[in-house]
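Undergrad: Make a model of this:
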Amino acid sequence: MKQSLLLILILLGLGALLGLWLLHDPGYVLVSWGLTSVEMSLWVGIVAWLLSLIVAMVCTDLLVRLLGFNGWWSRWTQQRHLQRSARALQEATVAFERGDWRRAERQFFAAARLSPQPLPAWLGAARAALRGQAMDRAEQYLVLAEERGNRLAVGLARARLLMGGGRWEQASVLLARLQDKFRKDESVLRLRVDVLTRLQKWGELADLLPLLRRGKSEDARFEALEKRACREVLAWLGQAASRVDRSYTVGKLEQYWTTLPRHLRQDEELRVAYAEQLIRIGADDEAEALLAGQLGKEWSPAAIEAYGRTRSTRPDAALARAQALEAEHPHNPALLLALGRLCLQNRRWDEARHYFEASLALRKSPEAYAELVRLLARLNPPEAGAYVAESVAAVGPRLPDLPLP
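TA: Below is the predicted model:
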């Protein structure tokens, strides 16, 4: 309040001094045109000039409006900007494809400044800056793009920026937030799948992949990744047996298995992987029942190989079920190897040797050689040594032909 009063007093004082000066020497202005002349004081002339200037401006504005010059000028300017923006965008694209990242960045920047819809140009500038390892400038372009809306496109570009810079954890967090906002967008889900795969976060990936399947986004890569994620989760749960009690681990494995979609629980590869983890933690009866059911429905070499490694509490029944399959697959080396292992569990040494030798006659596998040598080392050590030499020659690395003593 005091400052306002002081300002008013100063203005009044200056006005009084100006009035006294004008009274002392008002000056004059002489305007002459032909035979006519007009004489007035200097200050009257200044006021008249200002009034005439205002009148001229008002008349000019009315004339421009009546003739539509404003609209024409606006359209011409906008068209000019669009042409320059399109030319800059074209040059930026050519430079980007040629790998001239700095020039591409400059041209994208110019196109964005001239375009009424600068979002594509800002995103292009960010990609060019990223390729040129200019992370800070790329982030600045994304901030400018975000001001124009479309948070999804900007968020995806920022996630790729983080991935390009090796900041996978930050990209994972950003994509998780984007997924919360745009739950049905497939591009977010697919990019997050790539990040989680790189980080090997199989638990999160296993939860995410069914969302893509519900979106009918299926291809060979997706199916392979889905199976791999499930196998990794099963393996991680199986490893927990060394940290907690076995019954708890079995419960966690069963709980996870029952939550999987039906098409995964019916997959042969995953059923075998589930059985292998049960065998790993000592739940052999559960694994034997699972594999027996699988083999009863459909033959599987992987399933019979895992079946032979189960340590059931009723090995005689397990052997009988495997022998029932021999009639349908009499010359299968995997089945014969499994039968030999099951005979070992039943302490049928001669039968086990027979099955191992029959398996080797059909296929020289390191597993069959190892089982036979281990058995013969207890029954007949000299004969075991002969099989060791045979196994090295059959399945070992090819040795050069050199003189021997």
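
Undergrad: Now do the SS call for the nearest residue to Y307 once chain neighbours are set aside.
TA: Using Cβ to Cβ, 6 or more residues apart in numbering and skipping the chain neighbours, the partner closest in space to Y307 is L291 (4.4 Å). Using the backbone N, CA and C atoms, a C-beta is placed for each residue, glycine as well. Applying DSSP: H, G, I helix; E, B strand; the rest coil to L291 yields a three-state assignment of helix.

Undergrad: what's near enough to touch R192?
TA: Applying Cβ atoms under 8 Å, 6 or more residues apart in numbering to R192 gives the contacts S172, L175, A176, Q179, L208.

Undergrad: I'd like those residues laid out as JSON lines, including neighbour count.
TA: Converted to JSON lines, those look like this (neighbours: other Cβ atoms under 10 Å):
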{"residue": "S172", "neighbour count": "19"}
{"residue": "L175", "neighbour count": "25"}
{"residue": "A176", "neighbour count": "15"}
{"residue": "Q179", "neighbour count": "17"}
{"residue": "L208", "neighbour count": "20"}
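
Undergrad: Can you name the residues that contact V250?
TA: By Cβ under 8 Å, 6+ apart, the contact set of V250 is L278, I281, A283, E286.

Undergrad: Where does the spatially most central residue of the chain sit, in terms of helix or strand?
TA: With distances taken as Cα atoms, centre = their mean, the residue of the chain nearest its centroid is L191 (2.7 Å). Using DSSP states H and E, L191 sits within helix 186-199.

Undergrad: tell me which residues in that helix are buried?
TA: Applying a neighbour-count criterion of 16 or more other Cβ atoms under 10 Å, the buried positions in helix 186-199 are V188, L189, L191, R192, V193, D194, V195, L196.

Undergrad: and which of these is nearest Q140?
TA: L191 (22.1 Å; Cβ to Cβ).

Undergrad: contacting residues for the closest one?
TA: With Cβ under 8 Å, 6+ apart, L191 has these contacts: L156, A159, R160, L175.

Undergrad: try it again with 10 Å
TA: Shown in contact with L191 (Cβ atoms under 10 Å, 6 or more residues apart in numbering): G155, L156, A159, R160, M163, A171, L174, L175, L178, Q179, D185.

Undergrad: quick one on the thing from earlier: out of the contacts of R192, list just those in helices.
TA: Judged by DSSP state H, these include S172, L175, A176, Q179, L208 as members of helices.

Undergrad: Next, work out how far apart the third one and R309 are.
TA: When Cβ to Cβ, to the nearest Å is applied, the distance between A176 and R309 equals 40 Å.
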